Structures are given as structure tokens and as C-alpha cells.
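[1] Quick one, what's the 3D model for this:
(chains A and B)
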Amino acid sequence: MTKDKFLEELRLKLKGLPKDDLEDRIAFYSEMIDDRMEEGLSEGEALKEIGTSDEVAAKVIEKTPLTKIIKEKVKPKRALKALEIILLVLGFPLWFPVLIVFLVFILVCMISLWSVVITLWAVEGGLIVGAFNGVISALGLLFEGEYLNALAHLGLGALSAGLAIFLFFGCWAANKYTFKLTQKITFKIKKLIVGKE
Amino acid sequence: MDVQLKRGLLEVGVLAVIRNEPSYGYRIIKDMEPYVSLSESTLYTILKRLEDTKMLRVKTVEHNSRLRKYYHITKEGMDKIEEFKEYWADIKALAKLIIGEEAI
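    Prediction:
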């Protein structure tokens, strides 16, 4: 691997970034490699320290906001011709709903993913309320002399409390996992947009 | 570590490294190495943000028949370091609360 090859690969993998941003980054990495070689490292050693183009591109994409990537993507690469503008306006009833559907689709995917987590937390909340409810109603029944009923309510309360504690770990794990998954999906979407033209 | 907190600290760290004389990317990484290991992509993001917020200015200089960017600290950057020193007392007090007396 040579410096030029590395920079060429990196440029290709980050093609979807704004042009100024991309050139600035390429110049930055080029300088970083040159400076290392000036210190006495070989070209190969310098590149090894920087990491592969895949690793570098992944880090850059991770740190670039999705909005910036999409903005660059929808920006026309050249001035539009009159005919294209007319087509764009006339085609509005067609492409606009498609765009909306696409955005809503992503949103719906995210919502359905998170709804599982929200449901779990709701059940958790219900169990906690149930636990308190069981204890309080057991106390009430105790005062009314309904000992058996009181015992049953206390038992239900305890069961709710037990399940609540048990489910808490599940909720927490699901929450963490879904958060990571959301991050991963966002990263994949970004990579898809940046990498291919 | 909390991303926001670390980011803020690293920004001031980079400013501190170029406080006395202008420096360039690779030397900034080298100068920070005894304290924190910084990847190129992280440094790039920090430098960009410091430039956008006018904490530093960039001057491109010819060096060995290629270009090298030198980062100069601005008055705003110097102020930021001073500001950090003031915050430091608060942070230290909180660190003691979190970690205990042996903190710092």
C-alpha cells in the first residue's frame, strides 16, 4: 500500500461528503503521513499508524451528522437546466410522496424498534404499581378482618414486586441493545449514502 | 468517559499545546501523547471545531516543497484556557465528591 493508493481509497469511500470537507480531510491525512515519513518512518509504517482506509472512513462517517450527509446528497452537483427544473416541478406530485414515504418508512422502523422497549418499561411500571397496590389493599383488608383475602393480596403484591425486579434487568438490557442497534442502523444508512454515488 | 466532557477537555488540551507557539497536526498529536492518545480523526474534528469557533487560525506554510497547516491560537482561544482554569476549581470539588479525597 502506498500513500497515494491509501488517499485514493479514502477519497472513494468518503465520496458523499461535501467537496470542501473531503479535500480538507484528504490534505490533512496526506500531511499526517508526510510528517511521519519525515520523522524517519517508512511509507508502510506511517500508513500502518494511520490505519486502513476502511477504519479511517468508518470513523469519519461516524462523526459526521446524518443531516449533513443527506444535505450534500440532495444538493445538485451542477446548475439545473430549465427542462430539469420544469420536470422537477411537474414531477412534484410523484417524487414528493415517494420521498415522504421513504422518510416515514425509516421513522416507522425506528418507532417499532423502540415501541418494544417502551412496552417493556410500561409493563415494568405496571408491575411496580401492582406491587404497591397489593401491599396497600392487603393492609386495608387486614383492618377489615378479611385475613385470607389480605394474605392473597399481599402475595400478589410480592409476586408483582418479584416480577418487577426480574423484568428490570430485561428492560435495561433491551434498552441498551436497542440504543446500540439504532446507532448501528444510523451508521449503516450514513455509510450507504456516503460510499456510493 | 462522558463524550461531551471529554470533547471539551480535549479542545482545551489542544489549545494548551499551541499556546506558546503555533504547531501542526502531527506535532500536536506527539505533544499530547504523554497525556492522551489522540487519533487523527479525533484531532481533525477538534481542530475544525476550534477553527469554526475562532479559537484558532490556520495558516498554510510551504515546508519541504509541500504544504503544512500551522494552527495559531487566537485571543478567544487564550480566553478559553483562562475560562477553563476558573471552571477547574468547580470540577475539582465535584471530582472529590465523586471519587473521594484522593481525587487529583
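
[2] Quick check: phi and psi on the most far-flung residue of chain A relative to its centre?
    Most distant residue from the mean C-alpha position of chain A: A:Gly145, 56.2 Å away (Cα atoms, centre = their mean). Main-chain torsions, A:Gly145, degrees, to the nearest 10: phi 80, psi 10.

[3] gap between it and chain B?
    52 Å (Cβ to the nearest Cβ, to the nearest Å). Any C-beta I mention is one placed from the backbone N, CA and C, and that applies to glycine too.

[4] can you list the weak-confidence ranges in chain A?
    A:77, A:195-197 (pLDDT under 70).

[5] Kindly recompute the last result at 80.
    A:65-80, A:192-197 (pLDDT under 80).

[6] residue boundaries of the helices in it?
    A:3-13, A:19-38, A:43-50, A:53-63, A:66-74, A:82-90, A:92-143, A:147-195 (DSSP state H).

[7] For chain B, which residues are neighbours of chain A?
    B:24-27, B:39-41, B:44-45, B:64, B:66-69 (Cβ under 8 Å from any Cβ of the partner chain).

[8] Map the structural domains onto the sequence of chain A.
    A:3-74, A:89-195 (automatic domain parsing).

[9] Can I get those domains in JSON lines including distance to B:Trp88?
    Converted to JSON lines, the domains of chain A look like this (distance: least, Cβ to Cβ, whole Å):
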{"stretch": "domain A:3-74", "distance to B:Trp88": "27"}
{"stretch": "domain A:89-195", "distance to B:Trp88": "32"}
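
[10] Over in chain B, which residue gets nearest chain A? Let me know.
    B:Tyr26 (3.6 Å; Cβ to the nearest Cβ).

[11] hmm, back to that, so which of the domains of chain A comes closest to B:Arg19?
    domain A:3-74 (20.7 Å; Cβ to Cβ).

[12] The closest one and chain B in contact?
    Yes. Applying Cβ under 8 Å from any Cβ, one finds domain A:3-74 in contact with chain B at A:25, A:27-29, A:31-32, A:34-36, A:38-39, A:50-51, A:56, A:59-60, A:63.

[13] Out of those, which end up buried?
    A:25, A:28-29, A:31-32, A:34-36, A:50-51, A:56, A:59-60 (16 or more other Cβ atoms under 10 Å in any protein chain shown).

[14] So for the residue most central in space within chain B, what pLDDT did the model give?
    Among the residues of chain B, the one closest to the centroid is B:Val14, at 1.9 Å (Cα atoms, centre = their mean). B:Val14 carries a pLDDT value of 95.
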